[in-house]
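K.L.:
coords below, sequence missing:
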C-alpha cells in the first residue's frame, strides 16, 4: 500500500494549479504577460514570459544525474523547500509527528513548527560517535509518526546511516511512516545514494541538492525523489513557476558533462583537503576530539569554543558553534587550500597566545 494514504486528506484531494497553456511559436495572450521582453541579462528564454510551471528538461536531467525515473522526481528550490513541502503534505497541525535525530539539520524542526506538527528527537551521543540507532528510532515512533528524517551524512556530525540499517528502518516502519533520507552531502561520502532503493521501498523519499558538490548554493535548486503518487501530491502543493528562468538555465548549464566532470574533481579536492585539515588540527593541544566525517565539513571538540570562535573571527575566519548539547563542539566547513591555510594559521596563533 502506498504511503500517499498518510498524507493529509485535503492534500490527497488537491489538484495542481491549472496554469495558462504554454505552446512554443504561438501568440500568447492567455497569461497576462507583458509583450515587452526585458533587455536585462543574456538568457535563452525571454523573461517577460512565465517559466514552465515545472521545468521538464531540468527534471529529466536531474533524474538522470540522480538515477531515478523522471516521474519519481520533483525539482525544488533547494532541498529545504522539499522539507517544507513534505511536512505540509503529511502532517496535520497538533496531530501528526515528525521524528528526527539530534543533533541534526535544524530545518526539520523549523518546518514542523511552522506547520504545527509535533516533533520527536532521538538523541545521538558524542561518546558513540553520534551513531544513529535504528532501534531507538523505532522505539520513539508512534501511530502519529508520519515522517522520519534521516540526514546522511548528517549535519553537523558527518555521520552516515549504513544501507543495512536504513533498509531495516524502511522495512519495519513499512506503510506507517515515510522515511526521508536527506543526502545533501552524499557526494562526499563513500556510501551509495539511497535512491537505488526507491523501487524496493515504497515508503522511501530522498532529498538531493546542487548546493554542495556542484557549488550552486546561490541557485537554490534541489530535488525530492520518491514514489510517483507522492511526487504528484508534492507537485500539487508546490507553487506554480517555482523555478525562475535564470535559475533553470544556470542549472541546465551546470549539468553539462564538462561541468559535472569539473564538479567531481572539486569534490576530490575537498575530500583531500578535509583529510589534510583533520590531520593538521589533531596536533593542537586545545583540540579534545575530531569526529570522522563523510561530508564537506567535520566536527571538533575544543577546550573553549567561544574563545576559539572569537580568535578566528578576529582573523577573518568564521566557523560554526552550535552550543547547547554540543557544548564546546565546532563545525568546520572545508574551504579552498588558501582558506584552510588561513584557518590553520589562526589556530597556530591561538596555541601561542
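P.N.:
Thanks, I have the structure now. Note that this is a predicted model, so its numbers are computed, not measured.
K.L.:
OK, contacts around residue 350?
P.N.:
Under the criterion of C-beta atoms under 8 Å, 6 or more residues apart in numbering, the contact partners of residue 350 comprise 284, 286, 307-308, 311-312. No exception for glycine: its C-beta is placed from N, CA and C like everyone else's.
K.L.:
do that again at 10 Å, thanks
P.N.:
284, 286, 302, 304, 307-308, 310-312, 315 (C-beta atoms under 10 Å, 6 or more residues apart in numbering).
K.L.:
got the buried residues for the helix or strand containing residue 260?
P.N.:
Take DSSP states H and E as the rule and residue 260 turns out to sit in helix 257-281. Taking 16 or more other C-beta atoms under 10 Å as the neighbour-count basis, helix 257-281 is seen to contain the buried residues 263, 266-267, 270-271, 273-274, 277-278, 281.
K.L.:
same check on stretch 331-341?
P.N.:
Residues of stretch 331-341 classed as buried under the neighbour-count rule (16+ other C-beta under 10 Å) are 331-335, 340.
K.L.:
what packs against the helix holding residue 260?
P.N.:
Under the contact definition 3 or more C-beta pairs under 10 Å, 6 or more residues apart in numbering; DSSP states H and E, helix 257-281 sits against helix 245-254, strand 287-290, strand 297-302, strand 329-333, helix 337-351.
K.L.:
of all those, which one is nearest residue 68?
P.N.:
Taking C-beta to C-beta, helix 245-254 is the member of the helices and strands packed on helix 257-281 nearest to residue 68, at 17.0 Å.
K.L.:
the closest one packs against which elements?
P.N.:
Going by 3+ C-beta pairs under 10 Å, 6+ apart, helix 245-254 lies up against helix 56-66, strand 73-76, helix 257-281.
K.L.:
of those, which is nearest residue 161?
P.N.:
helix 56-66 (18.3 Å).
K.L.:
got the angle between that closest one and helix 257-281?
P.N.:
Taking axes from the mean of the first three to the mean of the last three C-alpha atoms, to 10 degrees, one finds that helix 56-66 is oriented at 50 degrees with respect to helix 257-281.
K.L.:
give me the contacts around helix 56-66.
P.N.:
With C-beta under 10 Å, 6+ apart as the test, helix 56-66 has contacts from 51-52, 55, 68-75, 183, 186, 193, 195-196, 198, 206, 208, 210, 214, 221-223, 225, 243, 247-249, 251-252, 254-256, 260.
K.L.:
buried residues, it. List them.
P.N.:
When burial is assessed from 16+ other C-beta under 10 Å, helix 56-66 yields the following buried residues: 58-59, 61-63, 66.
K.L.:
do stretch 248-255 as well
P.N.:
Of the residues in stretch 248-255, those buried by neighbour count under the rule 16+ other C-beta under 10 Å are 248-251, 254-255.
K.L.:
returning to what we had before: adding mean pLDDT, write the helices and strands packed on helix 245-254 out as TSV.
P.N.:
What follows is the helices and strands packed on helix 245-254, written out as TSV (pLDDT from 0 to 100):
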stretch	mean pLDDT
helix 56-66	96
strand 73-76	98
helix 257-281	97
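K.L.:
now tabulate the ones you listed in CSV and tack on distance to residue 120.
P.N.:
As requested, the helices and strands packed on helix 245-254 are arranged in CSV below (distance: least, C-beta to C-beta, whole Å):
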stretch, distance to residue 120
helix 56-66, 29
strand 73-76, 25
helix 257-281, 32
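K.L.:
to residue 105, which of these lies closest?
P.N.:
The stretch from those with the least distance to residue 105 (C-beta to C-beta) is strand 73-76; that distance is 15.3 Å.
K.L.:
next SSE after that closest one?
P.N.:
On the C-terminal side of strand 73-76, the nearest following helix or strand under DSSP H and E is helix 78-90.
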